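Undergrad: Following is a predicted model, sequence given first.
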Amino acid sequence: QTKLVESGGGLVQFGGSLRLSCVASFGPDYYAIAWFRQAPGKEREAVGCISANDGPTEYADSAKGRFTLSRDDAKNTIYLHLNHLTPEDTAVYYCATEFLFTGYGRCPLSNPDLWGQGTQVTVSS
């Protein structure tokens with residue numbers, strides 16, 4: 001089954017760090033992978049995106065300087081490193097890709113069509 005599975009969320013104190021993982025059931029080498037988040041009562045927002053084949057990596061303004069994306073294609077895993085967390089970062093975090101896209105995926109994603117189930121990040125004050 002083609003899927004993305006997130007993990008690594010949890011409860012962390014203000015200023016703390018977490019590393020989220022997005023594991024693909026397929027080789028993600030050709031795919032750009034994006035992370036999104038959705039807080040209660042708010043719209044989903046983009047956090048960042050990492051392209052395939054050493055293409056560009058992009059971050060939302062809220063993530064710049066605090067969050068870092070990396071990928072280990074040999075492990076079919078894309079990581080989102082969260083640092084200097086604040087309660088405003090509390091949300092469900094999702095990874096997504098354009099699975100039906102052919103060629104090397106580039107950020108930003110225009111129409112993600114494969115999503116993970118999400119992992120909850122809660123930051124206490």
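TA: Structure received.
Undergrad: other SSEs contacting the helix or strand encompassing residue 21?
TA: Assigned by DSSP states H and E, residue 21 belongs to strand 18-24. For strand 18-24, the packing partners by 3 or more CB pairs under 8 Å, 6 or more residues apart in numbering; DSSP states H and E come out as strand 4-7, strand 33-38, strand 77-82, strand 91-97, strand 119-124. The C-beta positions use only the backbone N, C-alpha and C, and glycine is treated the same way.
Undergrad: mind redoing it with 7 Å?
TA: For strand 18-24, the elements it packs on are strand 4-7, strand 77-82, judged by 3 or more CB pairs under 7 Å, 6 or more residues apart in numbering; DSSP states H and E.
Undergrad: quick one: strands adjacent to the shortest one?
TA: Partner strands and pairing direction for strand 4-7 (DSSP bridges) are strand 18-24 (antiparallel).
Undergrad: Now the partner strand: buried residues?
TA: If you call a residue buried by 16 or more other CB atoms under 10 Å, then strand 18-24 has these buried ones: 18, 20-24.
Undergrad: tell me the average confidence for that strand?
TA: Throughout strand 18-24, pLDDT has a mean value of 98.
Undergrad: how many degrees apart are it and strand 77-82 in direction?
TA: Angle, strand 18-24 to strand 77-82, by axes from the mean of the first three to the mean of the last three CA atoms, to 10 degrees: 160 degrees.
Undergrad: Strand 18-24 vs strand 33-38, what angle?
TA: 120 degrees.
Undergrad: got a list of contacts for strand 18-24?
TA: Strand 18-24 is touched from outside by 4-10, 12, 33, 76-82, 85, 93, 95, 116, 119, 121, with contacts defined as CB atoms under 7 Å, 6 or more residues apart in numbering.
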